[in-house]
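Chemist: everything below, folded, please.
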Amino acid sequence: MKRVLLFIIMFYSIIATNAQERFFNLYPGWVTINIKYCEESIVLSGLDTIDMGYSSTPIFNIINLHGDLINAYRYYNDTVDGICIYSAQSYSWMEEQIVISGVYMNYIKDYVLYPILMFVDNNNYVVDSIKNFKTYLEDRAARFMLQYQSNGKLYLAGDVRYAMDANVRTFFGIYDPIADTFSYKDYERPNYCKMTPYQILPTSDGGFLLATEQDMTYMTPRKVYSCILKIDADGDEQWRYIIPGYTVVTPYGNIESANYRSRIFNSPDGNYYVVWTNPEAITPTYLTNNPEQTIRIAKLKDYGTYGELTEEKDLRAELDNFERAPYIINDAYQDEDGTMYILMQTEGGYKSALAKIHANGVGAWMRVYICYPDDDASMSSTKLYGISKTEDGGFMLTGAFNSTSSSLFPSGMIASLVFKIDSCGCFDTEGCNSHCADSYTEYFITMPQASVYPNPARDKITLGFEYKGTETEFIYKVYNLNGQLLMEGKSEKVTETFDVEVDDLPSGYYMIQFWGGGKIFTGKFVKE
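Modeler: Below is the predicted model:
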């Protein structure tokens, strides 16, 4: 791969402030995966799609503490089909470098994945080097999906393909950057199974717990099970526990639930909690919708040579009997006091949710987030992938918003997505905060309307809008009622209003959208 080139697409002056607030913002790029707090700014790391195709490259959006976009650093290359980064746990922030784990992608008949570590200067976000680990894994298609940094070493988990019959195994590797050495162990799995890791949790005895998933949808009956692996400091397996499904009453008879993407938490008594979802059930031939889909929790005990789940229960009643949906867990966070949080999305990504569970395993609350519910697109998604605690006790939730062409987004929309919420998962200062311990609340985020005047207009329109950020350039697009893009441009740096010349437009009805600083607005007008 040729040296990655850097260019800055936006720059705004930094306003020093210690205040933080709730916000919902859209930024350049395809998805935001990881965040890092600096003294007066926040670094949003993720993936970009410059050519709107399969190729993806890293992107760093720098925002201030109010959420205003300051800088965006985008990259391109011309020798590989793209780079993929899989989770918020794919990043380690060192003193001078950001180490990112992921893959190269090459499309040759079937695609080939080469596991890589990317080393980025954390002062200017220039890629210093990229190390390819394909030879360590005997040139097999493989992925780095998670990492844990300790004592100068990187502990890496991923999956590696051994054959085309779904023979994919979880592996655990140890990389020493100083000695430049790498070793790994992989783990047996059932026939026709893809075994994928989703979490690395260090244990008090120096080993690790791996939360994995055994995907056996390449056989009959099709099955999916969550599986916990206990390994020692060298990666040798100590024991594994496959979480069994429970009996589900369906039109097919009494069948077993399928369990997805478990997450492991420390328990105050020295044991662990495991949380998972079960959106589907296992019929004799295929997976079907689970009418009792929910969130489940159990206590995990490590006896050294084997593990055991006890006290399993359904969290739905404790989470205010939330509306059932096919949720899967994307990320998790645990406070120092043991409080647990799980970040989820529905399988299709229509909506996402955040749930809080007390340190004793009792459900507290659940918040559901849907962006632009009035969007009439054939496909529209609100996918939240990462959760991070903020300095004021709230959270940043990061992910992606995607919409096909629609009346709301005539050109479609692909943008990285960031929520800043309070400690109760709320956007509003009133309402759900008074029920922070025991409520289920849905948030529907709508697009703010700009005022357009004069309306009807002849030669120009003035756009007025509420924007609390610093002076920003806004990119605008004008569409007719058929969704055709007729005009686009960019404003000067403004905060409340700017003018757009429309004298070249024919008479008719129009919609204008403009985007800047993380905010997107819309308005309608008539041209005489």
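Chemist: residue contacts, Ile59?
Modeler: Pro28, Gly29, Trp30, Ser45, Gly46, Leu47, Asp48, Ala72, Tyr73, Arg74, Tyr75, Ser416 (C-beta atoms under 8 Å, 6 or more residues apart in numbering). C-beta coordinates here come from the backbone N, C-alpha and C atoms, glycine included.
Chemist: among the residues you listed, which lie within strands?
Modeler: Using DSSP state E, Ser45, Gly46, Leu47, Asp48, Ala72, Tyr73, Arg74, Tyr75, Ser416 are the members of the contacts of Ile59 that sit in strands.
Chemist: go ahead and flag the most central residue of the chain.
Modeler: When C-alpha atoms, centre = their mean is applied to the chain, the residue found nearest the centroid is Tyr385 (1.8 Å).
Chemist: what about Ser378, how many residues close to it?
Modeler: Ser378 has 8 neighbouring residues, counting by other C-beta atoms under 10 Å.
Chemist: how near is it to Ile98?
Modeler: Distance of Ser378 to Ile98, given as C-beta to C-beta, to the nearest Å: 37 Å.
Chemist: out of the contacts of Ile59, who's nearest Asp503?
Modeler: Nearest to Asp503 out of the contacts of Ile59 is Pro28 (C-beta to C-beta; 30.7 Å).
Chemist: quick one, phi/psi of the closest one?
Modeler: The phi/psi pair for Pro28 (degrees, to the nearest 10) reads phi -60, psi 150.
Chemist: my guess is it contacts Ala72. True?
Modeler: Yes: contact criterion C-beta atoms under 8 Å: Pro28 and Ala72 qualify, at 5.0 Å.
Chemist: mind checking the longest strand of the chain?
Modeler: Counting by DSSP E, the longest strand found in the chain is strand 253-266.
Chemist: got the residue ranges for the strands in the stretch 251-400 of the chain?
Modeler: Remark: strands assigned in the stretch 251-400 of the chain by DSSP state E, counting those that start in this stretch are 253-266, 272-282, 287-289, 295-302, 307-314, 327-334, 340-346, 352-357, 363-371, 380-389, 395-403.
Chemist: pick out the shakiest of the ones you listed, pLDDT-wise.
Modeler: Lowest mean pLDDT within those: strand 287-289, a mean of 90.
Chemist: now for the closest residue to Gly394 other than its chain neighbours: which residues touch it?
Modeler: Counting by C-beta to C-beta, 6 or more residues apart in numbering, Asp422 is the residue found nearest to Gly394 once chain neighbours are left out, at 4.5 Å. Contact analysis of Asp422 by C-beta under 8 Å, 6+ apart lists Arg22, Asp392, Gly393, Gly394, Asn433.
Chemist: one more: Ile342?
Modeler: Counting by C-beta under 8 Å, 6+ apart, Ile342 touches Arg263, Val275, Ile295, Ile329, Asp331, Ala332, Leu354, Ala355, Ile357.
Chemist: so how far is stretch 222-238 off the chain centroid?
Modeler: Distance, stretch centre to chain centre, for stretch 222-238: 24 Å (C-alpha atoms, centre = their mean, to the nearest Å).
Chemist: show the pLDDT at Ile83.
Modeler: Here the pLDDT value assigned to Ile83 is 87.
Chemist: now Phe11
Modeler: 27.
Chemist: and Asp232, how many residues sit next to it?
Modeler: Residues near Asp232, counting by other C-beta under 10 Å, number 14.
Chemist: neighbours of the residue lying closest to it once chain neighbours are set aside, just the number please.
Modeler: Using C-beta to C-beta, 6+ apart and skipping residues adjacent in sequence, the residue nearest Asp232 is Gly207, 4.5 Å away. For Gly207, the neighbour count with other C-beta under 10 Å is 17.
Chemist: alright, I will stop here.
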